[in-house]
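Trainee: predicted model and sequence below, questions to follow.
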Amino acid sequence: MLKQMNPTASPKRQLAGAEYSRILSAAVISSRFRKMLLDDPVKAIADGYSGEKFEIGYEEKHRLASIRANSLADFAAQLSQI
């Protein structure tokens with residue numbers, strides 16, 4: 001189960017959570033983006049989706065780079081833990 005956004009979380013964490021939601025939404029919509037996200041999350045984030053860029057900081061990129069998943073469900077589960 002995905003973690004709920006914490007309203008008392010720092011603005012930086014709230015922004016990261018919103019961007020994670022945008023990333024997952026793009027992965028649901030686009031099989032091409034989903035494949036890239038599973039193969040190389042940092043490159044997928046850097047390339048963006050359909051002209052949209054993701055505002056992810058260095059720490060978040062580092063966390064995303066540590067995810068190793070074979071499916072979007074697995075990716076989302078790991079993402080909810082970081």
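Mentor: Cool, the structure landed.
Trainee: please make it C-alpha for all contacts and neighbour counts, starting now.
Mentor: Fine.
Trainee: top helix in this protein by residue count?
Mentor: Of all the segments assigned as helix in the chain under DSSP state H, the longest by residue count is helix 11-29.
Trainee: hmm, who's touching that one?
Mentor: The contact list for helix 11-29, computed with C-alpha atoms under 8 Å, 6 or more residues apart in numbering, reads 5-7, 33-34, 37, 45, 49, 54-56, 60, 72, 76, 79.
Trainee: which one of those has the most neighbours?
Mentor: Within these, neighbour counts (other C-alpha atoms under 10 Å) peak at residue 37, which reaches 25 neighbours.
Trainee: which helix or strand contains that one?
Mentor: Residue 37 is part of helix 31-39 when elements are defined by DSSP states H and E.
Trainee: what is the orientation angle of that helix with helix 11-29?
Mentor: Per axes from the mean of the first three to the mean of the last three C-alpha atoms, to 10 degrees, the angle that helix 31-39 makes with helix 11-29 is 130 degrees.
Trainee: what packs against helix 31-39?
Mentor: With contacts defined as 3 or more C-alpha pairs under 8 Å, 6 or more residues apart in numbering; DSSP states H and E, the packing partners of helix 31-39 are helix 11-29, helix 41-47, helix 72-79.
Trainee: what about 7 Å?
Mentor: In terms of contact count using 3 or more C-alpha pairs under 7 Å, 6 or more residues apart in numbering; DSSP states H and E, helix 31-39 is assigned the packing partners helix 11-29, helix 41-47.
Trainee: and among these, the most buried is which?
Mentor: Comparing these on average neighbours per residue, with mean count of other C-alpha atoms under 10 Å, the densest one is helix 41-47 at a mean of 18.
Trainee: just checking, what packs against it?
Mentor: Under the contact criterion of 3+ C-alpha pairs under 7 Å, 6+ apart, the helices and strands touching helix 41-47 comprise helix 31-39, helix 58-65.
Trainee: so, low pLDDT: which residues of the protein?
Mentor: Low-confidence segments of the chain, defined by pLDDT under 70, are located at 1-15.
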